[in-house]
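> using only what follows, build the 3D model:
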Amino acid sequence: MFRFPPRAAARAVHRAFGSPEARLGLSVVAASWLAVFSLFGVRASFAILKDPIARELGWSQGQVTLGYSLMMVFYAVTAFFSGTLLDRRGPRPVYLVATILGSIGLFATAAVSRYMLYLAFFGILAGACTGMLWVTSTVSVRKWYVGPRYAGMWGVAFMGAPVAQFTLAFVMGRLVVVHDPASWRTGMAVLGAIVTAALLGAFFLAKHSPERYGFSAIGSSAVETASHDAKTWKLREAFTVYAVWGVILAFLANMMGEFLIWTQVVSYWTGDLGWSQARAVSVYGVIGLVGIVSMPMMGRVADRMVRACGDEAIGRKRILLVGSALGIAACALLLQSRHGVGFAIAACVLFAFYWAIVPGGVVGYTGAVYGRASLGRIWGLATLIVMGIGPFSGSFLGGLFKDISGSYTVSLLFALSAFVVAFGMTLTLPRRAEHRSGGR
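Have a look, this model is predicted:
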């Protein structure tokens, strides 16, 4: 029988929990988990709450959905400012402001009866809250973990997303009942309480950069990272280098394909293929179920690739290529869904692995190229550009192509093409910020 060597086990436990920097790093990961849980919990709950909101208040689906669209606009705008605040003051002030905005926004939304108040509370305040969470969570983990340690720890933090989708969908499903349209108000209030509690937890667990505590980033000595890791970049200087535009364009193409799929795939199965709503939603849920496993798993795979390459930028670039390739393969399988539900399930599995790679991978690559000192403001502006364009355009074009062609096939082909463009842009990503074009 194989026995894990006691000394090796002791060393592993000490690395994970024994040293002060390890304990602080895990606290950062836990705070990011709670932030990601809150962010994706708000997004996932909206899909359940929007129909009852429309029925009780007499609003159209377009009017209700406009609140979500406005949320994404303020999400993008706030992401930039939160990144700058994060670099200067650390994550705690960001999480505190997000807690206040999210609490007011969601609790007030539960009591609205006027449309403009709905847009103000849900679209603007809740949107600003969620915009503060993505950049802060990803960059906080990146500031503490680099090299072959980053992706694995970010995978653990990112597990908060699929967990939120499952748990909050269950909670909202129990609270929001068909025969009582006003029950959405209870669901929204409970969502506000959950988000407030989670973000308060993130506030208390969050930590500043490791240098503030006299430590180096965990994993910094394992592989070659950016030689100017401590350099403070000015935004104008950073955005005159091809590396940031290359990763922005690659991420933007991925987001256009991804959000087209998120918003249109259930309609493709029910509208084009004639599936029942229950069947389509159940298959779609495979993405979240597999995501709970795929996120930490692919984080470990990405870190091993970095270790094998010996250079973090190259390793992150290669795993991003894998992510876009999975998006291409998943779209190809979706187009075969008419031949059997197995193709659709396989596509959802691949999308879960894509989801585990790309959102965190682009931050890992950017951090490897530009270092950690200015990563918040750099990635905040990048997020403003990408999330201000990608989710809206991908969702809008998916519906537009359906209206023009009469089916969702053209929409899925567009998503596949977007992932192909993302793969091509990723190929051009440079190894260092000094490179203006080309890749390695």
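
> and Ala182, how many neighbours?
Neighbour count for Ala182, taken as other CB atoms under 10 Å: 13. Placement of C-beta: from N, CA and C, glycine included.

> surely it and Glu56 touch.
Yes: with contacts counted by CB atoms under 8 Å, Ala182 reaches Glu56, the gap being 5.2 Å.

> tell me the phi and psi of Tyr365?
phi -70, psi -50 (degrees, to the nearest 10).

> no no, Asp311
phi -140, psi 120.

> what bridges to it?
Counting by DSSP bridges, Asp311 is bridged to Glu224.

> if I look at it, how far off is Arg185?
53 Å (CB to CB, to the nearest Å).

> Ile385: what's it in contact with?
Neighbouring residues of Ile385 by CB atoms under 8 Å, 6 or more residues apart in numbering: Ala76, Ile248, Leu252.

> for Val420, see how far away it is.
From Ile385 to Val420 the distance is 21 Å (CB to CB).

> got it, and Ser183?
44 Å.

> ok, now Gly388?
Where Val420 is concerned, Gly388 sits at a distance of 23 Å (CB to CB).

> just to revisit the earlier point, which of the contacts of Ile385 lies closest to Arg142?
Of all these, Arg142 sits closest to Ile248, with 16.7 Å by CB to CB.

> more crowded one of Asp311 and Arg185?
More crowded of Asp311 and Arg185, by other CB under 10 Å: Arg185, with 20 against 17.

> three-state assignment of that one?
At Arg185 the chain is in helix, as set by DSSP: H, G, I helix; E, B strand; the rest coil.

> I figured it hits Ala110, correct?
Yes: between Arg185 and Ala110 there is a contact under CB under 8 Å: 4.7 Å.

> how distant is stretch 88-100 from the center of its chain?
19 Å (CA atoms, centre = their mean, to the nearest Å).

> which of the contacts of Ile385 fall in helices?
Ala76, Ile248, Leu252 (DSSP state H).

> any weak-confidence spans in the stretch 1-150 of the chain?
The model of the stretch 1-150 of the chain has pLDDT under 70 over residues 1-18, 61.

> the stretch 201-350 of the chain now?
In the stretch 201-350 of the chain (pLDDT under 70), the answer is 220-230, 277.

> so where do the helices sit in it?
235-238, 242-267, 277-309, 312-334, 341-370 (DSSP state H, counting those that start in this stretch).

> buried ones in the last one?
For helix 341-370, a neighbour-count test (16 or more other CB atoms under 10 Å) marks 343-370 as buried.

> could you measure Pro387 against Ile194, distance?
You called it Pro, but residue 387 is Met. Applying CB to CB to Met387 and Ile194 gives a distance of 23 Å.

> and those two? Which one has more around it.
Using other CB under 10 Å, the more surrounded residue of Met387 and Ile194 is Met387, with 24 against 20.

> please, which helix or strand holds that one?
Using DSSP states H and E, the element containing Met387 is helix 375-405.

> for the helix or strand just after that helix, packing partners?
Scanning forward in sequence from helix 375-405 by DSSP H and E, the next helix or strand is helix 409-427. Where contact means 3 or more CB pairs under 8 Å, 6 or more residues apart in numbering; DSSP states H and E, helix 409-427 is packed against helix 242-267, helix 312-334, helix 375-405.

> between the second one and helix 277-309, how big is the angle?
If I follow you right, that is helix 312-334. Between helix 312-334 and helix 277-309, the angle comes out at 150 degrees (axes from the mean of the first three to the mean of the last three CA atoms, to 10 degrees).

> helix 312-334 versus helix 341-370: what angle between them?
Going by the same axes, to 10 degrees, helix 312-334 makes 160 degrees with helix 341-370.

> give the other helices and strands that helix 312-334 contacts.
Using 3+ CB pairs under 8 Å, 6+ apart, helix 312-334 sits against helix 150-158, helix 242-267, helix 277-309, helix 341-370, helix 409-427.

> let's see that with 6 Å instead.
helix 277-309, helix 341-370, helix 409-427 (3 or more CB pairs under 6 Å, 6 or more residues apart in numbering; DSSP states H and E).

> can I get those helices in TSV with distance to Trp269?
Output for these, formatted as TSV (distance: least, CB to CB, whole Å):
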stretch	distance to Trp269
helix 277-309	4
helix 341-370	7
helix 409-427	11
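
> and Leu199, how far from Ala206?
Distance from Leu199 to Ala206, by CB to CB: 10 Å.

> between these two, which one's more packed in?
Under the neighbour definition other CB under 10 Å, Leu199 and Ala206 were set side by side, and Leu199 has more, 28 against 25.

> dump the residue contacts of that one.
Ser38, Tyr95, Ala98, Thr99 (CB atoms under 6 Å, 6 or more residues apart in numbering).

> picking that back up, spit out the residues that contact Leu199 and Ala206 alike.
Tyr95.

> what residue is smack in the middle of the chain?
With distances taken as CA atoms, centre = their mean, Pro359 lies nearest the centre of the chain, 5.3 Å away.

> enumerate every residue touching it.
Applying CB under 6 Å, 6+ apart, no residues qualify as near Pro359.

> can you tell me the closest non-neighbouring residue to Met159?
Met295 (5.1 Å; CB to CB, 6 or more residues apart in numbering).

> my guess is the one you found contacts Val156, does it?
No: when contacts are counted by CB atoms under 6 Å, Met295 is not listed as touching Val156 (7.6 Å).

> the more surrounded of those two?
The residue with more neighbours, out of Met295 and Val156, is Met295; 29 against 19, by other CB under 10 Å.

> I figured Ala108 hits Gly123, correct?
No: assessed by CB under 6 Å, Ala108 is found out of contact with Gly123, at 11.8 Å.

> neighbour count winner among the two?
Gly123 (23 against 18).

> contacting residues for that one?
Gly67, Leu70, Met71.

> now the second one: how far from Trp233?
This points to Leu70. Taking CB to CB, one finds Leu70 at 31 Å from Trp233.
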